[in-house]
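*Asks:* the sequence and its predicted three-dimensional model are supplied below.
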Amino acid sequence: MRNIPWQEKPKNSNEIIWRYDKNPIIGRYDIPSSNSIFNSAVVPFKDGFAGVFRCDNKAVQMNIFAGFSKNGIDWKIDHEVIKMKEGNTDMIESDYKYDPRVVFIDDRYWITWCNGYNGPTIGIGYTFDFKEFFQCENAFLPFNRNGVLFPKKINGKYAMLSRPSDNGHTPFGDIYVSYSPDMKYWGEHRCVMKATPFEDSAWQSTKIGAGPIPILVDDGWLMIYHGVVTTCNGFRYAMGAAILDENDPSVVKYRTQEYILGPAVDYEMVGDVQNVVFPCAALHNLEEDKIAIYYGAADTVVALSFGHISEIVKFTKEKSL
(Lines give C-alpha, C1' and ligand atoms only; values in the text may rest on other atoms or scores of the structure.)
Protein backbone atom coordinates (compact mmCIF):
# COMPACT_ATOMS: atom_id res chain seq x y z
CA MET A 1 0.00 0.00 0.00
CA ARG A 2 1.87 3.07 -1.24
CA ASN A 3 -0.32 5.97 -0.18
CA ILE A 4 -0.70 5.30 3.52
CA PRO A 5 -0.95 8.34 5.79
CA TRP A 6 2.47 9.47 6.88
CA GLN A 7 4.27 12.14 8.87
CA GLU A 8 8.00 12.15 9.48
CA LYS A 9 9.37 11.67 12.97
CA PRO A 10 9.88 14.97 14.82
CA LYS A 11 13.45 16.17 14.93
CA ASN A 12 15.41 15.09 18.01
CA SER A 13 12.76 12.48 18.87
CA ASN A 14 13.96 9.09 20.08
CA GLU A 15 10.47 7.56 20.20
CA ILE A 16 9.72 4.27 18.44
CA ILE A 17 6.15 5.43 17.70
CA TRP A 18 5.23 9.09 17.24
CA ARG A 19 1.84 10.82 17.18
CA TYR A 20 0.24 12.66 14.29
CA ASP A 21 0.49 16.33 15.16
CA LYS A 22 -3.14 17.00 14.23
CA ASN A 23 -4.64 14.30 16.47
CA PRO A 24 -7.33 13.30 17.08
CA ILE A 25 -8.32 12.60 13.48
CA ILE A 26 -11.91 11.65 14.40
CA GLY A 27 -13.77 13.52 17.12
CA ARG A 28 -16.33 12.14 19.50
CA TYR A 29 -19.23 13.99 17.84
CA ASP A 30 -18.32 13.44 14.19
CA ILE A 31 -21.70 11.86 13.43
CA PRO A 32 -24.94 13.28 14.83
CA SER A 33 -25.81 10.36 17.12
CA SER A 34 -22.41 9.77 18.69
CA ASN A 35 -21.19 10.22 22.22
CA SER A 36 -17.77 8.87 21.25
CA ILE A 37 -15.97 7.30 18.27
CA PHE A 38 -12.95 5.13 19.03
CA ASN A 39 -11.37 1.64 18.76
CA SER A 40 -12.01 1.41 15.03
CA ALA A 41 -10.52 -0.43 12.04
CA VAL A 42 -9.43 0.70 8.57
CA VAL A 43 -8.12 -1.02 5.42
CA PRO A 44 -7.06 -0.03 1.90
CA PHE A 45 -10.09 0.01 -0.39
CA LYS A 46 -10.21 0.89 -4.10
CA ASP A 47 -8.33 4.18 -4.54
CA GLY A 48 -8.55 5.10 -0.87
CA PHE A 49 -9.57 3.54 2.40
CA ALA A 50 -12.62 2.09 4.10
CA GLY A 51 -13.29 1.36 7.73
CA VAL A 52 -15.61 0.02 10.40
CA PHE A 53 -15.99 2.39 13.32
CA ARG A 54 -17.14 1.97 16.86
CA CYS A 55 -19.62 4.77 17.55
CA ASP A 56 -21.32 4.76 20.94
CA ASN A 57 -24.50 6.83 20.82
CA LYS A 58 -25.77 9.29 23.39
CA ALA A 59 -27.56 6.47 25.20
CA VAL A 60 -24.07 4.89 25.26
CA GLN A 61 -25.25 1.96 23.17
CA MET A 62 -22.34 0.36 21.30
CA ASN A 63 -22.52 -0.29 17.56
CA ILE A 64 -20.45 -0.27 14.37
CA PHE A 65 -20.66 2.03 11.35
CA ALA A 66 -18.97 2.02 7.93
CA GLY A 67 -16.84 4.90 6.69
CA PHE A 68 -14.66 5.98 3.77
CA SER A 69 -11.64 8.20 3.22
CA LYS A 70 -9.42 9.26 0.34
CA ASN A 71 -6.32 9.85 2.46
CA GLY A 72 -6.82 7.77 5.61
CA ILE A 73 -7.06 10.89 7.76
CA ASP A 74 -10.25 12.72 6.75
CA TRP A 75 -13.18 10.33 7.19
CA LYS A 76 -16.83 10.35 6.22
CA ILE A 77 -18.66 7.95 8.51
CA ASP A 78 -22.16 6.72 7.70
CA HIS A 79 -24.83 8.06 10.03
CA GLU A 80 -26.71 4.75 10.19
CA VAL A 81 -25.45 1.58 11.85
CA ILE A 82 -24.34 -1.40 9.79
CA LYS A 83 -27.32 -3.67 9.14
CA MET A 84 -26.25 -7.30 8.91
CA LYS A 85 -27.73 -9.87 6.54
CA GLU A 86 -27.47 -13.63 7.00
CA GLY A 87 -24.07 -15.03 6.10
CA ASN A 88 -23.29 -18.62 7.07
CA THR A 89 -25.99 -18.50 9.74
CA ASP A 90 -29.54 -17.28 10.33
CA MET A 91 -28.59 -16.37 13.91
CA ILE A 92 -27.63 -12.71 13.71
CA GLU A 93 -28.93 -11.64 17.10
CA SER A 94 -26.71 -9.04 18.72
CA ASP A 95 -27.15 -6.92 21.83
CA TYR A 96 -24.19 -4.71 20.90
CA LYS A 97 -21.14 -4.55 18.66
CA TYR A 98 -17.83 -2.86 19.45
CA ASP A 99 -14.05 -2.77 18.88
CA PRO A 100 -14.00 -4.02 15.25
CA ARG A 101 -11.05 -5.25 13.20
CA VAL A 102 -11.02 -5.65 9.41
CA VAL A 103 -8.80 -7.69 7.07
CA PHE A 104 -8.91 -8.74 3.41
CA ILE A 105 -8.59 -12.51 2.94
CA ASP A 106 -9.19 -14.37 -0.34
CA ASP A 107 -11.98 -12.42 -2.05
CA ARG A 108 -13.61 -10.35 0.71
CA TYR A 109 -13.15 -8.14 3.72
CA TRP A 110 -13.65 -10.00 6.98
CA ILE A 111 -14.78 -8.13 10.07
CA THR A 112 -14.48 -9.28 13.67
CA TRP A 113 -15.87 -7.46 16.67
CA CYS A 114 -16.94 -7.95 20.26
CA ASN A 115 -20.50 -9.18 19.82
CA GLY A 116 -23.18 -9.11 22.49
CA TYR A 117 -24.76 -12.55 22.65
CA ASN A 118 -25.54 -13.40 26.31
CA GLY A 119 -22.37 -11.55 27.12
CA PRO A 120 -19.39 -10.55 24.98
CA THR A 121 -18.05 -12.96 22.39
CA ILE A 122 -16.35 -12.66 18.99
CA GLY A 123 -18.65 -11.82 16.10
CA ILE A 124 -17.61 -12.44 12.49
CA GLY A 125 -18.95 -10.94 9.29
CA TYR A 126 -17.84 -10.03 5.81
CA THR A 127 -18.41 -7.49 3.07
CA PHE A 128 -17.28 -6.99 -0.50
CA ASP A 129 -18.04 -3.29 -0.76
CA PHE A 130 -18.62 -1.83 2.74
CA LYS A 131 -22.23 -1.24 1.73
CA GLU A 132 -23.70 -4.72 2.23
CA PHE A 133 -22.62 -6.79 5.24
CA PHE A 134 -23.17 -10.45 6.13
CA GLN A 135 -22.96 -11.83 9.65
CA CYS A 136 -21.60 -15.31 10.39
CA GLU A 137 -21.65 -17.60 13.40
CA ASN A 138 -19.98 -16.29 16.53
CA ALA A 139 -16.50 -17.73 16.80
CA PHE A 140 -16.53 -18.60 20.50
CA LEU A 141 -18.68 -19.04 23.57
CA PRO A 142 -19.05 -16.01 25.80
CA PHE A 143 -16.98 -14.51 27.22
CA ASN A 144 -14.31 -13.28 24.81
CA ARG A 145 -12.90 -10.04 23.39
CA ASN A 146 -10.28 -8.74 20.95
CA GLY A 147 -10.80 -11.10 18.02
CA VAL A 148 -8.06 -10.45 15.44
CA LEU A 149 -7.71 -12.51 12.26
CA PHE A 150 -4.38 -13.24 10.59
CA PRO A 151 -4.28 -11.90 7.00
CA LYS A 152 -3.72 -15.33 5.45
CA LYS A 153 -4.24 -18.96 6.29
CA ILE A 154 -1.67 -20.70 8.47
CA ASN A 155 -1.06 -24.34 7.61
CA GLY A 156 -4.23 -24.30 5.50
CA LYS A 157 -6.51 -22.88 8.19
CA TYR A 158 -7.86 -19.48 9.14
CA ALA A 159 -6.30 -18.25 12.38
CA MET A 160 -7.57 -15.78 14.96
CA LEU A 161 -6.16 -14.22 18.11
CA SER A 162 -8.54 -13.52 20.99
CA ARG A 163 -8.68 -12.90 24.72
CA PRO A 164 -11.04 -15.05 26.82
CA SER A 165 -12.57 -12.82 29.47
CA ASP A 166 -15.55 -12.40 31.77
CA ASN A 167 -18.77 -10.41 31.58
CA GLY A 168 -17.40 -7.28 33.17
CA HIS A 169 -14.38 -5.04 32.81
CA THR A 170 -12.11 -8.08 33.00
CA PRO A 171 -9.31 -7.61 35.54
CA PHE A 172 -7.39 -10.41 33.78
CA GLY A 173 -6.72 -11.66 30.26
CA ASP A 174 -4.23 -13.55 28.09
CA ILE A 175 -3.94 -13.90 24.30
CA TYR A 176 -4.90 -17.18 22.59
CA VAL A 177 -4.86 -18.34 18.97
CA SER A 178 -7.60 -20.52 17.43
CA TYR A 179 -8.03 -22.12 14.01
CA SER A 180 -10.89 -22.76 11.60
CA PRO A 181 -11.17 -24.68 8.31
CA ASP A 182 -14.15 -22.63 7.10
CA MET A 183 -14.54 -19.41 9.16
CA LYS A 184 -17.45 -21.05 10.98
CA TYR A 185 -16.15 -23.75 13.31
CA TRP A 186 -13.25 -22.81 15.56
CA GLY A 187 -10.96 -24.97 17.67
CA GLU A 188 -7.35 -25.96 18.39
CA HIS A 189 -7.12 -23.17 20.96
CA ARG A 190 -3.55 -22.46 22.07
CA CYS A 191 -2.19 -19.95 24.55
CA VAL A 192 0.05 -17.38 22.88
CA MET A 193 1.17 -15.20 25.78
CA LYS A 194 0.07 -14.15 29.22
CA ALA A 195 0.01 -10.95 31.20
CA THR A 196 3.38 -10.48 32.86
CA PRO A 197 4.36 -10.55 36.52
CA PHE A 198 4.20 -7.00 37.83
CA GLU A 199 7.89 -6.90 38.67
CA ASP A 200 8.90 -7.96 35.14
CA SER A 201 6.84 -5.49 33.09
CA ALA A 202 4.17 -3.68 35.06
CA TRP A 203 2.46 -1.91 32.13
CA GLN A 204 1.14 -5.29 30.86
CA SER A 205 0.67 -7.07 34.17
CA THR A 206 -3.17 -7.00 34.44
CA LYS A 207 -4.25 -8.11 30.95
CA ILE A 208 -3.23 -8.04 27.32
CA GLY A 209 -5.08 -8.18 24.00
CA ALA A 210 -4.21 -8.29 20.30
CA GLY A 211 -4.56 -5.04 18.38
CA PRO A 212 -4.27 -4.55 14.60
CA ILE A 213 -4.04 -7.36 12.05
CA PRO A 214 -0.56 -8.98 12.41
CA ILE A 215 2.07 -8.11 9.78
CA LEU A 216 4.39 -10.76 8.33
CA VAL A 217 8.02 -9.61 8.52
CA ASP A 218 11.27 -11.56 8.08
CA ASP A 219 11.29 -12.64 11.74
CA GLY A 220 7.65 -13.79 11.85
CA TRP A 221 4.33 -12.13 12.65
CA LEU A 222 4.66 -8.63 14.06
CA MET A 223 1.78 -8.25 16.52
CA ILE A 224 0.94 -4.85 17.97
CA TYR A 225 -1.02 -5.35 21.18
CA HIS A 226 -2.34 -3.49 24.19
CA GLY A 227 -1.33 -4.09 27.76
CA VAL A 228 -3.01 -2.95 30.96
CA VAL A 229 -1.75 -2.19 34.45
CA THR A 230 -3.99 -1.64 37.47
CA THR A 231 -2.97 1.56 39.23
CA CYS A 232 -4.39 3.42 42.21
CA ASN A 233 -6.20 5.52 39.58
CA GLY A 234 -7.69 2.56 37.70
CA PHE A 235 -6.65 0.73 34.51
CA ARG A 236 -3.96 2.21 32.26
CA TYR A 237 -3.73 0.97 28.63
CA ALA A 238 -0.53 1.18 26.57
CA MET A 239 0.78 -0.28 23.30
CA GLY A 240 3.45 -2.96 22.87
CA ALA A 241 4.83 -5.25 20.18
CA ALA A 242 5.65 -8.95 19.87
CA ILE A 243 6.96 -11.24 17.14
CA LEU A 244 5.26 -14.62 16.75
CA ASP A 245 6.50 -17.64 14.82
CA GLU A 246 5.27 -17.58 11.22
CA ASN A 247 4.02 -21.19 11.14
CA ASP A 248 3.04 -21.53 14.81
CA PRO A 249 1.93 -18.19 16.24
CA SER A 250 1.53 -19.72 19.70
CA VAL A 251 5.33 -19.45 19.85
CA VAL A 252 6.43 -16.00 20.99
CA LYS A 253 9.92 -15.22 19.72
CA TYR A 254 10.19 -11.70 21.13
CA ARG A 255 8.05 -9.41 23.24
CA THR A 256 8.67 -5.85 24.37
CA GLN A 257 9.39 -5.32 28.03
CA GLU A 258 8.80 -1.58 27.59
CA TYR A 259 5.69 -0.18 25.94
CA ILE A 260 6.09 1.58 22.59
CA LEU A 261 3.30 4.14 23.15
CA GLY A 262 1.51 5.01 26.35
CA PRO A 263 -1.05 7.66 27.34
CA ALA A 264 0.81 10.93 27.73
CA VAL A 265 -1.16 13.72 26.02
CA ASP A 266 -4.50 15.24 26.90
CA TYR A 267 -6.73 13.35 24.41
CA GLU A 268 -5.30 10.03 25.67
CA MET A 269 -5.44 10.89 29.36
CA VAL A 270 -8.82 12.65 29.58
CA GLY A 271 -12.08 11.32 28.17
CA ASP A 272 -14.84 8.85 28.93
CA VAL A 273 -12.17 6.45 30.21
CA GLN A 274 -8.91 8.04 31.25
CA ASN A 275 -5.41 6.87 30.31
CA VAL A 276 -6.17 4.67 27.29
CA VAL A 277 -4.13 3.95 24.16
CA PHE A 278 -5.93 1.11 22.36
CA PRO A 279 -4.58 0.08 18.90
CA CYS A 280 -7.10 -1.50 16.52
CA ALA A 281 -5.76 -1.02 12.99
CA ALA A 282 -2.55 -0.46 11.06
CA LEU A 283 -1.70 0.38 7.47
CA HIS A 284 1.79 -0.58 6.37
CA ASN A 285 4.21 -0.40 3.48
CA LEU A 286 7.08 -2.87 3.88
CA GLU A 287 9.04 -1.49 0.93
CA GLU A 288 9.02 2.01 2.39
CA ASP A 289 9.39 0.68 5.97
CA LYS A 290 6.33 2.59 7.19
CA ILE A 291 3.43 1.82 9.49
CA ALA A 292 0.47 4.01 10.44
CA ILE A 293 -1.30 2.79 13.59
CA TYR A 294 -4.86 3.86 14.42
CA TYR A 295 -5.81 3.79 18.08
CA GLY A 296 -8.64 4.69 20.37
CA ALA A 297 -7.70 7.44 22.82
CA ALA A 298 -9.37 7.66 26.23
CA ASP A 299 -12.32 5.63 24.83
CA THR A 300 -13.47 8.86 23.21
CA VAL A 301 -11.71 9.68 19.91
CA VAL A 302 -9.59 8.09 17.15
CA ALA A 303 -5.92 9.06 16.92
CA LEU A 304 -3.11 8.18 14.53
CA SER A 305 0.55 7.35 15.08
CA PHE A 306 3.49 6.40 12.90
CA GLY A 307 6.63 4.30 12.98
CA HIS A 308 9.25 2.51 10.96
CA ILE A 309 8.63 -1.24 10.90
CA SER A 310 12.36 -2.01 11.06
CA GLU A 311 12.73 0.14 14.19
CA ILE A 312 9.78 -1.58 15.87
CA VAL A 313 11.20 -5.02 15.06
CA LYS A 314 14.68 -4.00 16.26
CA PHE A 315 13.28 -2.55 19.48
CA THR A 316 11.14 -5.64 20.09
CA LYS A 317 14.13 -7.95 19.70
CA GLU A 318 16.57 -5.85 21.70
CA LYS A 319 14.13 -4.96 24.52
CA SER A 320 12.49 -8.38 24.73
CA LEU A 321 11.37 -9.97 27.98
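*Replies:* That came through fine.
*Asks:* for the protein, just list every one of the helices.
*Replies:* 266-269, 309-318 (DSSP state H).
*Asks:* run through who's touching the first one.
*Replies:* In this case it means helix 266-269. With contact meaning C-beta atoms under 8 Å, 6 or more residues apart in numbering, helix 266-269 is reached by Asn23, Pro24, Pro263, Asn275, Val276, Val277, Ala297, Ala298, Thr300, Val301, Ala303. Yep, even glycine has a C-beta here, placed from its N, CA and C like the rest.
*Asks:* please enumerate the strands of the stretch 201-321 of the chain.
*Replies:* 207-210, 215-217, 220-231, 234-244, 252-255, 277-285, 290-297, 301-307 (DSSP state E, counting those that start in this stretch).
*Asks:* tell me which of the ones you listed sits nearest to Asp106.
*Replies:* Asp106 sits nearest to strand 215-217 of all the strands of the stretch 201-321 of the chain, at 16.3 Å, using C-beta to C-beta.
*Asks:* for that closest one, name the packing helices and strands.
*Replies:* strand 220-231, helix 309-318 (3 or more C-beta pairs under 8 Å, 6 or more residues apart in numbering; DSSP states H and E).
*Asks:* measure the nearest residue to Leu283 once chain neighbours are set aside to Ser250 for me?
*Replies:* Excluding its sequence neighbours, the residue lying closest to Leu283 (C-beta to C-beta, 6 or more residues apart in numbering) is Ile4, at 4.2 Å. Plainly put, Ile4 is 30 Å away from Ser250 if you go by C-beta to C-beta, to the nearest Å.
*Asks:* now the helices of the chain as a markdown table including distance to Phe150?
*Replies:* Shown next, in a markdown table, are these (distance: least, C-beta to C-beta, whole Å):
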| stretch | distance to Phe150 |
| --- | --- |
| helix 266-269 | 28 |
| helix 309-318 | 17 |
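*Asks:* is Phe45 in contact with Gly67, as I believe?
*Replies:* No. Between Phe45 and Gly67 there is no contact under C-beta atoms under 8 Å: 10.4 Å.
*Asks:* when those two are compared, which one has more neighbours?
*Replies:* The residue with more neighbours, out of Phe45 and Gly67 and counting by other C-beta atoms under 10 Å, is Gly67; that gives 21 against 16.
*Asks:* that one against Phe53, yeah?
*Replies:* Yes. Contact between Gly67 and Phe53 holds when scored by C-beta under 8 Å: they sit 5.3 Å apart.
*Asks:* mutual contacts of those two, please.
*Replies:* Trp75, Ile77.
*Asks:* just to revisit the earlier point, mutual contacts of Phe45 and Gly67, please.
*Replies:* With C-beta under 8 Å, 6+ apart, Phe45 and Gly67 have no common neighbours.
*Asks:* partners of Gln135 in the sheet?
*Replies:* Glu86, Gly125 (DSSP bridges).
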